[in-house]
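*Asks:* what follows is a predicted structure for the sequence shown.
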Amino acid sequence: MTEFQTFSKMKELMTAYYFEAKTTKEKPIAWITSGAPVEFLFAMDIIPIYPENYAAMCAANHQSVELMEAAEAQGFSQDICAYARTDFGADILQGGPVGGLPAPHFLLCSTNICKTVIKWYEVIARKYDVPLFIVDTPFVHDGLTDDLLEYTVAQFKDLEQFLARITGRPFDHEHLAEVLRLSQEAAAYWKKILFLARTVPTPINSLDSFIHLGPIVTLRGTQGCVDYYQALYEEVAGRAADKIPSVPGERYRVLWDNLPVWFKMRRLENFFQERKCALVVTTYANSWGGLSNYEDEEMADPYRLLAASYLNVYINYGFEERIRYLSGLMDEFSLTGFIMHSNRSCKPYSVGMYRLQEELSQRTGRPGVVIEADQNDPRVYSDAQIEARLDAFIESMEAAS
Amino acid sequence: MYDPFHEVLSDVRGTILKQARALDRPVIGVMPAYFPLELVYASGGFPVQLWGNRLAPSRADAYLQSYCCSVARSAMELELAGGADMVRGYAFTSLCDTLVNLREVYRRVVDKPTVELSIPVTQTAEARRNYLSSGLDKVNRGLQEMAGGRMTPESLAEASELYGRVRALQRRLYALRLERAGLVSNLDFYAVLKAGSFLGPEYYAKLLSDLLEKLDSMDPPEDSGPRLLLSGLVYDPLELHRILDRLGVRVVQDDFANGWRTVSKETLAVENLVEGVARYLFGPAPCCCLYNPENDRHDYLVDHARKAGADGVLFWYLKFCEPDAFDRPQLMKRLTDEGIPSSVVELELSMQNFDAIGTRLSAFCEMLEG
């Protein structure tokens, strides 16, 4: 990965976060999906724990297979999401980088990333016998409409009452306003960082942004998160100004669609470096910049703003909008091609991807490739096959240049 | 006695065309699951239920990866192969991630209109009602465009009565199977049920009534093999029921999305359509695809198996159906804790070789009889 000085700060931030979560005696713990409105939890001093983030850490540390096998031994099929299997295994063995996650007092789950999370969290809710609150954010087939916003807002209001019951305290609206401001600020920095990749050559690549995702996923709504991304922004902006490339000799500029392959980060980094191919932008990392998309005057009601940003998630949108968005990125980031990761573990991202590839190539005139892999399960990944496909793709970019 | 039903299944295409002509209604393909057929019929359409088929995907492979379930893949294969040319449009529900995306694929690949009933799974009651209400407005508009008629109080009442009657008759068949286990073979039972997917409601109700009348006076064979409850998304492939018959298994109850989970639904209340559809979607049998903590699936399945006097539960797992797969380990443990044996078989709709599954089933039956 690109060696950013701020990286050590992220490690400190994440270590402190996990340390507090593992040792707290006072604060309630909520397990939460990556696309759920965490701001409500921070407003009530509840510690959010992200099984998805933990599963990714396990895979990046090459621990996911052992954990998945523990879950499979209990009957969980290899057909289900590898994040879920990794986490079930981490829970069974109390394994992974921090020796398992602290037990939840309750669960908060939002459907904007998939419906699978409902099933996943139902399993956890039964195991720990804890309440599960679902914020249902329906798939947006045809644009954001009032009924969708109102539906989501009504659930936020209900969530506040749920949290008041759980904590035994009235919901803290004042604190929510502050948390929202911090969340928006962090999202704005994150987006600005990702947009610096429009610079040619790019000072940051997508493998970097995957690594630096931790705080925006887990800690958005805290001052520590804002401070971290402000520092990272300044460092990346400096590199952009000085034209320091993240991939020396950058020749190809590529979009990555879908989650990373967490257990192949190092190998893929070397692969792309050798070929002077920079992964410049990714739909996945962009997903956490959404809260900064709306101007205050455009969405004066903070609940509607939150509803819009939690509904407006790339994989919660119909294909017309996805194509429009992808095409925009291709131009905005001066891309030479795109890679789509057909991810066995993530159906909302992947089902229909071949059609998207076809249309995007036609619309932009630039080559794209689909690779068959998985975000967390090395057992369904073939270095030889994938690298052969990627090499052919890079050749097609060369031919098109 | 069962010939009319088997004949439907031996010529599904011909049946649909003939029925559509007789009804003088456009064919609307209804994808899994729980889209109330009443809404399609009340809009002037002839709803045909598409729960997948035995086509092995080839054209659909260009769009749907191998990790999509065979319901989705075979339904798309049928469309791309021209086998669904009589279908004017498709009705979806937001049942699972694959089907939600499948609708998006259809919208770009298939030149036919689609409509989706987006099922709200929130526990915030008023929000659920309001969202369902606006969702039904969209469905209404979509169906009107697709089927050409307008949903009116009268047309809804007629459709509700017809499909309510069909399900009531199907429930009688279920009750009869339970009371006189072994009277209807498993293959015949599910052939009767499946044939209804492709028939007009009035015609099907008549066939069912005639069958029930004949069965009413018949006695079951002497007690034989184990009594099973089957649980899964779809009761296909039917071939597997033939194997169960050969093993002497008496399926006494099921928990299939296109079986009891649908058949158990009462007549759709149409005076207040929003309330009626909400009740229809979420009850009385719970489904792995629809979050509803007020209707706990674990308690339900234990109770369902007990009431049926089932010796065991067989999970009928359609590969890559995540909602089903997530539930199963804890469900099996609960059943074990309750002293109810269970086993699982993994299936694909297009599978040809049943030897391994047959062996597994045989072992399970021996264990139950042991």
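*Replies:* Looks like it came in fine.

*Asks:* residue B:262 touches residue B:34, doesn't it?
*Replies:* Yes - counting by CB atoms under 8 Å, residue B:262 touches residue B:34, with 6.9 Å between them. To be clear about C-beta, it is placed using only N, CA and C from the backbone, and glycine gets the same treatment.

*Asks:* the stretch 51-200 of chain B against chain A: which residues are in contact?
*Replies:* With CB under 8 Å from any CB of the partner chain as the criterion, the stretch 51-200 of chain B comes near chain A at residues B:62-65, B:67-68, B:72, B:94, B:96-98, B:100-105, B:107-109, B:116, B:118, B:120-124, B:126-127, B:130-131, B:134-135.

*Asks:* pull out the buried residues from these.
*Replies:* Listed as buried from those are B:63-65, B:67-68, B:72, B:94, B:96-98, B:100-105, B:107-109, B:116, B:118, B:120-124, B:127, B:130-131, B:134-135; burial here means 16 or more other CB atoms under 10 Å in any protein chain shown.

*Asks:* pLDDT-wise, which helix or strand of the chain ranks last?
*Replies:* Defaulting to chain A. Of the helices and strands making up chain A, the lowest-confidence element is helix A:283-286, at a mean of 89, by mean pLDDT, DSSP states H and E.

*Asks:* chain B is the one I meant
*Replies:* Scoring the helices and strands of chain B by mean pLDDT, DSSP H and E places helix B:355-369 at the bottom, with a mean of 93.

*Asks:* close enough to count as contact, residue A:148 and residue A:141?
*Replies:* No - Residue A:148 is beyond contact range of residue A:141, at 10.2 Å (criterion: CB under 8 Å).

*Asks:* next, count neighbours for the nearest residue to residue A:119 once chain neighbours are set aside.
*Replies:* Using CB to CB, 6 or more residues apart in numbering or on different chains and skipping residues adjacent in sequence, the residue nearest residue A:119 is residue B:326, 3.5 Å away. Residue B:326 has 25 neighbours, counted by other CB atoms under 10 Å in any protein chain shown.

*Asks:* got it, and residue A:129?
*Replies:* Residue A:129 has 6 neighbours, counted by other CB under 10 Å.

*Asks:* any idea how far it is from residue B:99?
*Replies:* Remark: distance between residue A:129 and residue B:99 (CB to CB, to the nearest Å) = 31 Å.

*Asks:* try residue A:206
*Replies:* Using CB to CB, residue A:206 is found at 30 Å from residue B:99.

*Asks:* tell me which element residue A:340 is part of?
*Replies:* Assessed by DSSP states H and E, residue A:340 sits inside strand A:337-343.

*Asks:* and whatever helix or strand comes next after that strand, is it in reach of chain B?
*Replies:* Following strand A:337-343 in sequence order, the next helix or strand is helix A:347-350 (DSSP H and E). Yes - against chain B, helix A:347-350 shows contacts by CB under 8 Å from any CB at A:347-348, A:350.

*Asks:* looking at those, which is nearest residue B:302?
*Replies:* Set against residue B:302, the nearest of the residues of helix A:347-350 next to chain B by CB to CB is residue A:347 (30.1 Å).

*Asks:* what is the neighbour count of that closest one?
*Replies:* Using other CB under 10 Å, the number of residues around residue A:347 comes to 28.

*Asks:* which non-adjacent residue is nearest it?
*Replies:* Leaving aside its sequence neighbours, residue A:347 sits nearest to residue B:97 (CB to CB, 6+ apart; 4.1 Å).

*Asks:* in chain B, which spans are strands?
*Replies:* B:27-30, B:46-49, B:87-93, B:114-117, B:227-232, B:250-256, B:312-318, B:342-347 (DSSP state E).

*Asks:* which elements pack onto the first one?
*Replies:* Counting contacts by 3 or more CB pairs under 8 Å, 6 or more residues apart in numbering or on different chains; DSSP states H and E, strand B:27-30 is packed against helix B:37-42, strand B:46-49, strand B:87-93, helix B:125-147.

*Asks:* at 7 Å instead, please
*Replies:* When contacts are defined as 3 or more CB pairs under 7 Å, 6 or more residues apart in numbering or on different chains; DSSP states H and E, strand B:27-30 packs onto helix B:37-42, strand B:46-49, strand B:87-93.

*Asks:* can I get that strand in PDB? Just the C-alpha atoms.
*Replies:* Output of strand B:27-30 as PDB, limited to C-alpha atoms (Å, rounded to 0.1, in the frame of the first residue of the first chain):
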ATOM      1  CA  VAL B  27     -50.800 -14.100 -19.200                       C
ATOM      2  CA  ILE B  28     -48.800 -12.400 -16.400                       C
ATOM      3  CA  GLY B  29     -45.800 -14.300 -15.000                       C
ATOM      4  CA  VAL B  30     -45.700 -14.200 -11.200                       C
END
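
*Asks:* pull up the pairing partners for that strand, direction included.
*Replies:* Using DSSP bridges, the strands paired with strand B:27-30 in its sheet are strand B:46-49 (parallel), strand B:87-93 (parallel).

*Asks:* okay, those in TSV with mean pLDDT, mean neighbour count and distance to residue A:101 next?
*Replies:* Listed next are the strands paired with strand B:27-30 as TSV, based on pLDDT from 0 to 100; neighbours: other CB atoms under 10 Å in any protein chain shown; distance: least, CB to CB, whole Å:
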stretch	mean pLDDT	mean neighbour count	distance to residue A:101
strand B:46-49	98	24	43
strand B:87-93	98	23	34
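
*Asks:* tell me which of the ones you listed lies nearest to residue B:172.
*Replies:* Of all the strands paired with strand B:27-30, it is strand B:46-49 that lies closest to residue B:172, at 20.0 Å by CB to CB.

*Asks:* now do the closest one: everything it contacts.
*Replies:* Defining contact as CB atoms under 7 Å, 6 or more residues apart in numbering or on different chains, one finds that strand B:46-49 is touched by B:16, B:19-20, B:23, B:25-30, B:37, B:40-41, B:197-198, B:200.

*Asks:* spatially, which two of those are the most separated?
*Replies:* Among the contacts of strand B:46-49, B:26 and B:197 lie farthest apart (CB to CB), at 16.8 Å.

*Asks:* if we can go back for a sec, roughly how far out does the least confident helix or strand of chain A sit from the chain middle?
*Replies:* Mean-position distance between helix A:283-286 and its chain equals 7 Å (CA atoms, centre = their mean, to the nearest Å).

*Asks:* packing partners of the following helix or strand past it?
*Replies:* Scanning forward in sequence from helix A:283-286 by DSSP H and E, the next helix or strand is helix A:302-311. In terms of contacts (3+ CB pairs under 7 Å, 6+ apart), helix A:302-311 is packed against helix A:146-167.

*Asks:* dump the C-alpha coordinates for the helix or strand following the helix it packs on into PDB.
*Replies:* Downstream of helix A:146-167, the next assigned helix or strand under DSSP H and E is helix A:173-195. Extracted C-alpha coordinates of helix A:173-195, given in PDB (Å, rounded to 0.1, in the frame of the first residue of the first chain):
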ATOM      1  CA  HIS A 173     -31.500  14.900  20.300                       C
ATOM      2  CA  GLU A 174     -28.900  17.600  21.100                       C
ATOM      3  CA  HIS A 175     -26.100  15.000  21.000                       C
ATOM      4  CA  LEU A 176     -27.500  13.600  17.700                       C
ATOM      5  CA  ALA A 177     -27.200  17.000  16.100                       C
ATOM      6  CA  GLU A 178     -23.600  17.200  17.100                       C
ATOM      7  CA  VAL A 179     -22.900  13.600  16.000                       C
ATOM      8  CA  LEU A 180     -24.600  14.300  12.700                       C
ATOM      9  CA  ARG A 181     -22.400  17.300  12.100                       C
ATOM     10  CA  LEU A 182     -19.300  15.200  12.800                       C
ATOM     11  CA  SER A 183     -20.500  12.400  10.600                       C
ATOM     12  CA  GLN A 184     -21.100  14.800   7.800                       C
ATOM     13  CA  GLU A 185     -17.700  16.400   8.300                       C
ATOM     14  CA  ALA A 186     -15.900  13.000   8.200                       C
ATOM     15  CA  ALA A 187     -17.900  12.000   5.100                       C
ATOM     16  CA  ALA A 188     -16.900  15.200   3.400                       C
ATOM     17  CA  TYR A 189     -13.200  14.600   4.100                       C
ATOM     18  CA  TRP A 190     -13.500  11.000   3.000                       C
ATOM     19  CA  LYS A 191     -15.100  12.100  -0.300                       C
ATOM     20  CA  LYS A 192     -12.500  14.800  -0.800                       C
ATOM     21  CA  ILE A 193      -9.700  12.200  -0.300                       C
ATOM     22  CA  LEU A 194     -11.300   9.900  -2.800                       C
ATOM     23  CA  PHE A 195     -11.700  12.700  -5.200                       C
END
